[in-house]
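In: Here you go, sequence then predicted model.
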Amino acid sequence: MKPVNLNTVIILLLIAVNLGFSQLPIPTGYSIDGDDVVFRFNREDYDKYSDDTAWSITKFDNLDIKTVSVAGEFNNWSKTKWKMTKIDKNTYELRKPLSKFEDEYSWAFKFVINDRYWAEPENNAPNLTPALKYGILPLHVNNLNMYTKAHPAKDGNVRFRLRGFEDAEHVIVAGSFNKWNEKMFKMYKIDSGWELKLQMLPGDYEYRYIVDGNWMEDPTNPDRVPNEFGEYNSHINIGKFVTFRLNGYENAQNVILSGSFNDWNEEELEMEKSVNGYWTCRLPLSAGKHHYKFIVDGNWMLDPENPVKESDGMGHVNSVWMVR
Amino acid sequence: MHHQSKIIILVVLFLFGNFSANANVSLEKPPTISFSNAEILSTHSTRIPFKLVDHLIVIEAELLDKKGNFIIDTGSETLILNSKHFKNNGVLFNSGKETSGVIDVIDNPAEKHLSEFLINDLLIERKTSDVIDLSHIEVSKKIHLLGIIGFNILKDYEIFVDMYLNQITLSRVDRHGEKLDNSVYLEEIIDTVAFDLKKHTIVLDADINGETLKFGLDTAAEFNQLNKRTKKKVLKYFYPSRRIALSDASGKEMEVLAGKLFRVKLSDTIYCAPMETVLTNLSHMNEVFGTELDGVIGYEFLKQQRTIINYKKEQLYFIKYPIQTH
């Protein structure tokens, strides 16, 4: 099969490498499950709580948990509104659609016990962020941070790896996917360098590494674009698998999918006939816009079920598919 | 069928002052803005892909050997160039002072005339551009911002802001607003709404709970805004959820109440889904927009409606948002 897009490095569904669990910066307090964010409080992850009225941090031991809520920037830090459901003796859960959180790159949150006490996350949680009052005054406690566009995940679809720099203390990956945040995505040490796996939405992104404060491009990625500092940003396009489908034409002998993604090749992508009589073709596509058509027994045709179509400026009309 | 082409947008900038008084100003190599990703559809229309930076519509372009971004902003009266990258001197932007004593000199030294602005060989004559410091937007959005493309450039085109395909299509129109190229859109227009053009602002009549409100349509409004002094009947459909910090055009931060605005109706057939909206004091904004408004709608509206703006006809057209099934 021809490369899908010569101009773009597509990083798709990287095969998970077996890594020691302890190395992975799995965020505390939430996970992303399909189109949902799942907040999860496990009592064993917390051994201290703080109380706004007492200004002190106390051990958890004697606190009798009646309710657990999620409070954060997304609900104006309400201690009561987002009540969690008890799953077992120590675990509480709350599920919310991811679409509620798409406006920001990150959201700070915390768990609230009995509508009053803030559960204080352990200092080794990878997604800690210092709590600020009114966004300015430090409160000397930590919040948890939630990232929705790109977040560290054990089975993430993108693996960033920087070889060497074994004596460095901190290596960060920063990019257009997290507004070039210089602290958010800390890489972890591996045998020959540094690594981080992120679960990322399809899109076109630029990124750089920060090794002990020094910015650099990804030396192993040849796909790079000049930046305003006279240097380069590395470039990636995160794509996804798309299934094209043509209903009907059960008696056709041969159906081909052809498009801007394979330079309008008229033979390469043969569609398969399903038992139900429709034709399908599944392939990885880069994020962005693609023009395509079907060739049914030699006759070019638009996708009859896709209302989105455009002319190509040369007199042809094509169906249009957007990967996002 | 496969088509990759480059569009060159030529911006020929010179002051008439320079032109008449100083023949040494070289115009042999006119400055150009080029959009490397644009698709030329015909001599009158072109498609330019954009990316969303937070909620801003940003297109990549190159001007005078500088690569960077421009924001598409119907809320801006003119083309604005970022003074951080385009100094107010030299061949491109001779200051007003240098041209004093010459007829037609502009008083404001930061205000420049672009005598030609070419898009795909389409000539637009005598555009005004402001050169102001936009570095606070660069800092907050972490983008390299060359400028803002506003009303005085956009008004000569029909503009299709397509949040589904992440692109804008510019089609040149005649003085009646008719497109010179009629085969630009192949998808069906499902609805039409008339607006009033007040100075440079698109003003729509919207209905909430039986009250008629005047909303400005601003493609660079990252959040919808609703005047907090609006009627109680309207505020009944604003459900506050949180406080957020917003910065205005000057970079000043303020805290505002954010929530969802329900039941906005533009016509008997166009109902908007709930839109993220902030309550603000719009009185100072009304000066910017040059008209009295009850609110401003922007990204939150455009993301639900694939919208075509025709300034000359004072009409918005809507194209169906497809349901992605693959």
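Out: Right, received. Where do you want to start?

In: quick one: average confidence on stretch A:276-293?
Out: For stretch A:276-293, the mean per-residue pLDDT is 94.

In: Stretch A:33-41 too?
Out: 84.

In: so the residue of the stretch 201-326 of chain B found nearest chain A bridges to which residues?
Out: When scored by C-beta to the nearest C-beta, the stretch 201-326 of chain B has B:Arg242 as its residue closest to chain A, at 4.0 Å. Glycine gets a C-beta too; all of them are placed from N, C-alpha and C. Per DSSP bridges, the residues bridged to B:Arg242 are B:Ala258.

In: List the residues that contact it.
Out: Counting by C-beta atoms under 8 Å, 6 or more residues apart in numbering or on different chains, B:Arg242 makes contact with A:Glu73, A:Phe74, A:Asn75, A:Asn76, B:Leu257, B:Ala258, B:Gly259.

In: Quick check: beta-bridge partners of the nearest residue to the second one once chain neighbours are set aside?
Out: Once its chain neighbours are removed from consideration, A:Phe74 has its nearest residue in A:Trp107; the separation is 5.4 Å (C-beta to C-beta, 6 or more residues apart in numbering or on different chains). Under DSSP bridges, the beta-bridge partners of A:Trp107 are A:Met146.

In: Kindly report the same for A:Ala71.
Out: Counting by DSSP bridges, the residues bridging with A:Ala71 are A:Lys110.

In: Burial check on it, number of neighbours?
Out: For A:Ala71, the count of nearby residues is 21 (other C-beta atoms under 10 Å in any protein chain shown).

In: Just confirm it contacts A:Lys83, I think it does.
Out: No: using C-beta atoms under 8 Å as the test, A:Ala71 is too far from A:Lys83 to be in contact (10.8 Å).

In: Stretch A:247-267: end-to-end distance?
Out: From its first residue to its last, stretch A:247-267 covers 20 Å (C-alpha to C-alpha, to the nearest Å).

In: Give me every residue in the stretch 201-324 of chain A lying close to chain B.
Out: The stretch 201-324 of chain A comes close to chain B at residues A:204, A:226-228, A:242-245, A:260, A:263-264, A:288-289, A:291, A:293, A:305-314, A:316-318, A:320-322, A:324, as judged by C-beta under 8 Å from any C-beta of the partner chain.

In: Break down chain B into its helices, ranges please.
Out: Taking DSSP state H as the test, the helices found in chain B are B:16-21, B:135-141, B:151-154, B:232-235, B:283-289, B:299-302.

In: if we can go back for a sec, considering the contacts of B:Arg242, which is situated nearest to A:Ser234?
Out: Nearest to A:Ser234, judged by C-beta to C-beta, of the contacts of B:Arg242 is A:Glu73 at 30.4 Å.

In: The stretch 51-200 of chain B: strands as residue ranges?
Out: B:51-53, B:56-63, B:66-72, B:79-82, B:111-119, B:122-132, B:145-149, B:157-162, B:167-172, B:189-194, B:196-198 (DSSP state E, counting those that start in this stretch).

In: Pick out the shakiest of the ones you listed, pLDDT-wise.
Out: Among the strands of the stretch 51-200 of chain B, strand B:111-119 scores lowest, with a mean of 39.

In: residues in contact with A:Asp115?
Out: Residues near A:Asp115 by C-beta under 8 Å, 6+ apart: A:Thr67, A:Ser69, A:Lys79, A:Thr80.

In: do that again at 10 Å, thanks
Out: Neighbouring residues of A:Asp115 by C-beta atoms under 10 Å, 6 or more residues apart in numbering or on different chains: A:Lys66, A:Thr67, A:Val68, A:Ser69, A:Ala71, A:Ser78, A:Lys79, A:Thr80, A:Lys83.

In: cool, A:Met322 as well?
Out: Contact analysis of A:Met322 by C-beta under 10 Å, 6+ apart lists A:202, A:242, A:285, A:287-290, A:308, B:162, B:164-167, B:322, B:324.

In: From B:Thr291, how far off is it?
Out: 36 Å (C-beta to C-beta, to the nearest Å).

In: Ok, B:Asn209 next?
Out: Going from B:Asn209 to B:Thr291 by C-beta to C-beta gives 23 Å.

In: A:Asp263 now?
Out: Separation of A:Asp263 from B:Thr291 (C-beta to C-beta): 50 Å.

In: again with B:Asn82
Out: 27 Å.

In: Show me the shaky parts of the chain.
Out: Using chain A here. Residue ranges of chain A with pLDDT under 70: A:1-26, A:53-56, A:102-105, A:124, A:126, A:129-141.

In: Oops, wrong one, chain B.
Out: For chain B, the stretches with pLDDT under 70 are B:1-34, B:36, B:64, B:88-129, B:245-254, B:324-326.
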